[in-house]
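J.: sequence? don't have it. structure:
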């Protein structure tokens with residue numbers, strides 16, 4: 001049974017520093033992602049209704065596909081925290097390797113699925129089928145599939161130190177979509 005004592009409420013600077021070293025990069029990563037989505041949406045809005053519809057359908061499909069990666073990321077974050085607290089660092093390495101493998105398997109499996117049934121997935125999110133919207137969204141899916149290897153781990157594991165590489169590849173992909 002959990003019992004709190006007076007010394008549990010004292011500030012421990014080393015403990016805070018240790019946690020902030022993990023929390024601050026994760027916070028910055030998520031803030032940058034949120035800001036980038038706002039920028040991407042505003043740029044997308046300037047291209048007209050067909051691009052907005054294609055972008056919306058593409059984002060929905062991307063969100064469906066990244067849910068397993070986010071779940072793996074949340075699971076490994078909890079797993080890591082528990083093993084960090086228990087000072088079992090070897091288990092953390094093993095868990096991160098397993099999570100990375102699962103992330104790659106899901107990423108490539110879903111990329112394969114989207115590659116071959118993506119057009120049908122796009123039409124599910126449309127009230128009326130529009131060939132131009134489907135073609136624009138399909139271009140996005142092709143670009144998504146090309147960057148799946150670079151985005152699997154950072155999406156799957158929050159706070160991953162390679163997030164800047166993933167964000168750079170995502171930015172290149174979004175710029176290419178906007179140019180097309």
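T.: Arrived safely, thanks for sending. Bear in mind the structure is a predicted one, so any value in this text is a computation, not a measurement. Numbers count the residues shown, from 1 in each chain.

J.: For the protein, just list every one of the helices.
T.: Taking DSSP state H to define them, one finds helices in the chain at 13-45, 49-85, 89-124, 131-146, 148-156, 163-179.

J.: Pick the most buried one from these.
T.: Ranked by mean neighbour count, those are led by helix 148-156 with a mean of 22 (mean count of other Cβ atoms under 10 Å). Placement of C-beta: from N, CA and C, glycine included.

J.: got any ranges where the chain has weak pLDDT?
T.: In the predicted model of the chain, residues 146-180 satisfy pLDDT under 70.

J.: just checking, residue 89 touches residue 83?
T.: Yes - the criterion here is Cβ atoms under 8 Å, and residue 89 meets it with residue 83 at 7.3 Å.

J.: circling back: residue 2: which of the helices of the chain is closest?
T.: helix 49-85 (14.3 Å; Cβ to Cβ).

J.: name the helices or strands packed onto the closest one?
T.: When contacts are defined as 3 or more Cβ pairs under 8 Å, 6 or more residues apart in numbering; DSSP states H and E, helix 49-85 sits against helix 13-45, helix 89-124, helix 131-146, helix 148-156.

J.: can you put those in TSV and add distance to residue 1?
T.: Formatted as TSV, the helices and strands packed on helix 49-85 follow (distance: least, Cβ to Cβ, whole Å):
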stretch	distance to residue 1
helix 13-45	23
helix 89-124	26
helix 131-146	49
helix 148-156	35
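
J.: Can you tell me which of those is nearest to residue 70?
T.: helix 148-156 (7.0 Å).

J.: if we can go back for a sec, right, and the helices and strands packed on helix 49-85 - which one's nearest residue 58?
T.: The closest of those to residue 58 is helix 131-146. By Cβ to Cβ, the value is 4.1 Å.

J.: Return the list of helices and strands in contact with that closest one.
T.: When contacts are defined as 3+ Cβ pairs under 8 Å, 6+ apart, helix 131-146 sits against helix 49-85, helix 89-124, helix 163-179.

J.: No further queries at this time; thank you.
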